Each structure stands twice: as structure tokens, then as C-alpha cells.
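1. Let me see the structure of the following:
(chains A, B, C and D)
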2 protein chains.
Amino acid sequence: MAGMKQVQRQTGVALWRQIADRIREAISSGAYDETGMVPPETVLALQFGVNRHTVRSALAALAQEGIVRAVQGRGTLIERKERLNFPISRRTRFTDGLGDQARETHSLLLGHAEEAANAEVARWLRIEPGTPVIRLETVRDADRRPVARGTSWFPAARFPGLVETYRQTESVTKTFAALGLSDYVRATTEITAAHADSGDLADLELTPGAVLLITKAMNTDLDGVPVQYSISRFAADRVQFTIEN
Amino acid sequence: MAGMKQVQRQTGVALWRQIADRIREAISSGAYDETGMVPPETVLALQFGVNRHTVRSALAALAQEGIVRAVQGRGTLIERKERLNFPISRRTRFTDGLGDQARETHSLLLGHAEEAANAEVARWLRIEPGTPVIRLETVRDADRRPVARGTSWFPAARFPGLVETYRQTESVTKTFAALGLSDYVRATTEITAAHADSGDLADLELTPGAVLLITKAMNTDLDGVPVQYSISRFAADRVQFTIEN
DNA sequence: TCGAAATGTCTATTGATATAGACAACCATA
DNA sequence: TATGGTTGTCTATATCAATAGACATTTCGA
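-> Numbers count the residues shown, from 1 in each chain, chains lettered A, B, ... in the order given. Reported below is the predicted structural model:
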């Protein structure tokens, strides 16, 4: 069964990085749950058909991410393996959706602006291009680990003081409530995937080549009037989405 | 504005591949729609802060994928930029969902087997582990381009002759209809993202490091009894999902 | 306490990646 | 048809990625 877990050569992605990605995936899928450890370097080298030093480079990268910890004489221990689940439904809310999956969640406001809606934002919010909108740039953490970074736009006229309220509540739901919108629903969600860009790498503490799940979502009030359009970029190795119909 | 589009060095992902991924993304987002061409190599080299030869490696990779075509003396033309949209709803069907986005769709049956349900399949189909199930391995094309590869499981007792029917109809919906199940609904969809593995690279004609959207989906009959569980792996640069609530 | 098994460190060599510069070939158009 | 702008090709060099082998160090159990 040697060489079963194949890697590709000469493709612009270093073998050690491909192997790191495979092991990370294997860890989060529970493949090593019995021992709580990654197989020995020599075994992995045999499985992937590469030199032991190449495996060591991969494990060093995972150690850097805090996923594993090597102990001389014992082996390489798994430190962390969770993947958060986000339900997507008419009632989708970021923090509530996490439920008891995280003990602690935070939303850090990176920046904000009041600006004129561009064509895309105007289309989603169903307003005229050029209408004033408020833009928020946020990073969301769960248990001190960044999970997603996002940009949200809101019609400016409807939500005066939104920025300050959001900064205090760290919650869109609470901000809406404080500004007189007691309930809202998720109308549309688009999901794509892509590689992380340099901004993602910094904000989400990722390594290049990392995979993102990207959502474009629109929320409306109970009359169907759009109140929020947001683009969120999730670290794909930390989350999954669930849709119940 | 030089060096605006940043790339990361010494991270196991070659610069030319990072740049290829960025340009691919820029193309599909319509950034170069005005000219129908990629900017000149010297301009890209300046933007990314790399040598022109490095940009050429990236463009060569995109040409290999059929996304661009370089013409000496003129520039590098964009050949293809589409991204298919898959609506996910209670009525989700693969081929119908594509609507008029593709002129021609195919489903190639790679393999099939009758086997005992493992723990995961049993849980999703709500049957006892060990119950006989039929497994289908398929690759789906749209306009001659592979879009997704998938594995589906069906309760064997309920659908005798399923394999032969599917091979003829190339459609789950038509197969169900032929076997007496006139209608069904999508109950649950889980979405994750990951890097392509070696099987994906071959079946979907991808290059290593490519990004996949992965769905685990369960369909039921109108009484809520599971009739199909499937894991599908979509080439992320060719598709997006839309959820309407 | 010895030995097996595991990670840590070092040297050396080869091939892929990236930079640098120069010039050829080709296209559109003024 | 001359020119500027573009892609194509070649040489040379430095650095990173990967292989190979040897041996040290640590842990754990027989």
C-alpha cells in the first residue's frame, strides 16, 4: 500500500505543502483520532512516496499553524482538529449559528466608511447606484481563532449610528435591534471557493495556497426590503456550511 | 500603484502558480472584460512585483488550461471566463439547475458497485450499517468540460436495475422516475472546500493546488425517506452555488 | 538499564524556481 | 513602410525544494 496517498510534482506547489494540506485534512476528518498522533515521519514518507525530510517540512508547517506538536522520542501530537459548522437558512445569523460550538466569539471591526454604492452593491441592495451606504470591514473569531473576514454594506439612510452600535455589540443582529429592526431574514446566499489572497493570509492567519469558502449574502427585513449585503471569506479548513431544506 | 497585487514568497507555493490563480480569478470576475485581453506581461510583472519570466510561467499554465491564448505581437487573449451557477434548494437537480447555462450536459458513469453501507452512508440514508446499497461513481460535464465528480449511494432493495437505467438516462431524476419514484426533494446539503486530490486532477482536468467545492447531499422521497446520499466534488473555478431562502 | 522507536541535526547533491538581460519575431497602425 | 508595443527565445546566475545518508537525542517499555 506504499505510495497510496499521491502527490504531484512540478506543478508549482511544493510537495511539503501538498503533504501538509493532506495531513491537515486527515486530522480534521478524524483519521488519527485513535492515537491522537500523526503517524511516524518514516511511515508518512513511505505513504506519500517522498523523503523523510520532505515530510518533516510539512509537519514543521503544521506545527507553525499550531495544529500539531512534535515531541522527540514520542511522536507528533495533534493539538487541534475542530471544524465549525455554519447552518445556512432563512434564519441565518453568524453568532447564533455557531451555538455551543465555540465558547467565545468576537467580531473585530477593521474599518468602516460611508460611501456611494457601486453597481454590485446597488444591485444586491436594490437601490440606485450612488446611494450612500455604510461599509464595515470585520474579522470574526471563534475561541480566539479567526474564522472569517467580511465586508458588509448597509443603506446609510436607514441605519444612522450603525458603526458605533456595531462596535459595541459586535453583532449585526443586536445592531439592527438597537436601530429599530427587530427581525430580518436571509434572502440569498451565493457560495464559491478560491485561494486566499494576501489580505486573507494576514487577517485569517493562513498560509499561501490556503482555500477559502466565499459567500455573498443578502438579508432583508420582514417586508423583503434588503437591509444588508455582505461578502464573507471563511478559512475552509476551519468551517463547513449546512443547508437544511 | 506598482506591487499592489501582492504575492508571498517562500511558502511552498511557487510565485507563478499564485499569479496564475490571481489572474484566473480576475478573468472570471470580469476585470478584463473591456479589452478581452490580459494586460501585457511587462505590466503584470510590475503589478505583481516579479520578473517578466515568472509572469510568463503563470500565463503558460493558464494557456494550458485553455483559459487564455497568447498571440505574438498582439497580446494574451481571454478564451473562456464562465462560471456555472448551481441553485441549491428543495428542488435541486443537477441538469435542470443548469438551465440554459450549458448547451449540452453529460454524466459519465466511471464505476459502480453493490456493497454494504458503512457507518457514514448508513447514517445519512437512515438505514442499518451493513444494509446493501448501490454506489455510483460519476463525472459530469457541461459543454464538454468536466464540472464535478461524485459518488452516490442508493438503498439497493428499493431500486433494482438502477445502474443500467442510469447509464442509459445519464440522470438521477429520470432513473428515479423509471423505477417508480416520480418526485424527490433535497433534504440536506453540506458544503466544504479543499484542495484537489490526484483523482480530482485526473477526472476534472485540473492542476495541483486547484480548489474544490465539496457537497454532501441527501435526497428524500415525498414522505421524507432518504433515497440518495451523494458526495460531489466541483471544480471551484467553474461553478458557484446559490441558495434562495 | 538496555534497546527499539521516534524526532532532531548535519552534510552533500540534484533539479525546480526566480531573477536578469539581450534580442528576435510578430502585429497593428500612424 | 517605419515604428512602438507585444510575445517568443536564449544564456547565465542565485536561491529554494527535494533526495540521500549518517548519526545524535529523547522517550518508553521490556
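
2. Now do the SS call for residue A:176.
-> The three-state label given to residue A:176 by DSSP: H, G, I helix; E, B strand; the rest coil is helix.

3. Can you give me the pLDDT of it?
-> Looking at residue A:176, its pLDDT is 93.

4. which residues sit in contact with the residue nearest to it when sequence neighbours are not counted?
-> Leaving aside its chain neighbours, residue A:176 sits nearest to residue A:184 (6.0 Å; criterion: Cβ to Cβ, 6 or more residues apart in numbering or on different chains). C-beta coordinates here come from the backbone N, C-alpha and C atoms, glycine included. By Cβ atoms under 8 Å, 6 or more residues apart in numbering or on different chains, the residues touching residue A:184 are A:173, A:176, A:219-222, A:227-228.

5. again, only this time at 7 Å
-> A:176, A:219-221, A:227 (Cβ atoms under 7 Å, 6 or more residues apart in numbering or on different chains).

6. which parts of chain A sit against DNA strand C?
-> Neighbours of DNA strand C within chain A, by Cβ under 7 Å from any atom of the strand: A:9-12, A:38, A:40-42, A:53, A:56, A:59, A:70-76.

7. you'd agree residue A:43 is in a helix?
-> Yes - assessed by three-state DSSP, residue A:43 belongs to a helix.

8. sorry, back to before: do you know how far the residue nearest to residue A:176 is from chain B?
-> Plainly put, residue A:184 is 12 Å away from chain B if you go by Cβ to the nearest Cβ, to the nearest Å.

9. repeat for residue A:163
-> Taking Cβ to the nearest Cβ, one finds residue A:163 at 27 Å from chain B.

10. Then residue A:57?
-> From residue A:57 to chain B the distance is 8 Å (Cβ to the nearest Cβ).

11. For the contacts of residue A:184, name the two members farthest from one another.
-> Spatially, the most separated pair among the contacts of residue A:184 is A:176 and A:220, at 11.5 Å (Cβ to Cβ).

12. So which of these two has more stuff around it?
-> In this view residue A:176 and residue A:220 are compared by other Cβ atoms under 10 Å in any protein chain shown, and residue A:176 has more residues nearby, 23 against 18.

13. Identify the residue nearest residue A:157 in space, chain neighbours excluded?
-> In space, and not counting its chain neighbours, residue A:157 is closest to residue A:132: 6.7 Å by Cβ to Cβ, 6+ apart.

14. Who is the one you found paired with across the strands?
-> Counting by DSSP bridges, residue A:132 forms beta bridges with residue A:116.

15. what's the neighbour count on it?
-> Neighbours of residue A:132 (other Cβ under 10 Å): 12.

16. Distance of it relative to residue B:93?
-> Distance of residue A:132 to residue B:93, given as Cβ to Cβ, to the nearest Å: 42 Å.

17. now residue A:235
-> Relative to residue B:93, and taking Cβ to Cβ, residue A:235 is found at 31 Å.

18. Residue A:156 too?
-> Taking Cβ to Cβ, one finds residue A:156 at 41 Å from residue B:93.

19. Over to residue A:186?
-> To residue B:93, residue A:186 is 23 Å away according to Cβ to Cβ.

20. do residue A:161 as well
-> Per Cβ to Cβ, residue A:161 is found 46 Å from residue B:93.

21. higher neighbour count, residue A:186 and residue B:93?
-> Neighbour totals were compared for residue A:186 and residue B:93, and residue A:186 leads with 19 against 16 (other Cβ under 10 Å).

22. Helix or strand next in line after the helix or strand encompassing residue A:136, which one?
-> Under the criterion of DSSP states H and E, residue A:136 resides in strand A:132-142. Going down the chain from strand A:132-142, the next helix or strand is strand A:145-155, by DSSP H and E.

23. That following strand: partners in the sheet, and parallel or antiparallel?
-> Neighbouring strands of strand A:145-155 in its sheet, by DSSP bridges, are strand A:132-142 (antiparallel), strand A:226-235 (antiparallel).

24. Buried residues in it, which are they?
-> Neighbour-count burial for strand A:145-155 flags A:146-155 (criterion: 16 or more other Cβ atoms under 10 Å in any protein chain shown).

25. So what touches that strand?
-> A:84, A:121, A:125, A:127, A:133-141, A:162, A:200, A:203-205, A:227-235, A:238-239.

26. can you check stretch A:120-132 too?
-> Stretch A:120-132 is contacted from outside by A:114, A:116-119, A:133, A:153, A:155-157, A:218, A:226, A:229, using Cβ under 7 Å, 6+ apart.

27. so how far does stretch A:33-52 reach from one end to the other?
-> When the termini of stretch A:33-52 are compared using Cα to Cα, to the nearest Å, they are 23 Å apart.

28. Give the buried residues for it.
-> Applying 16+ other Cβ under 10 Å to stretch A:33-52 flags A:38-39, A:41, A:44-48, A:50 as buried.
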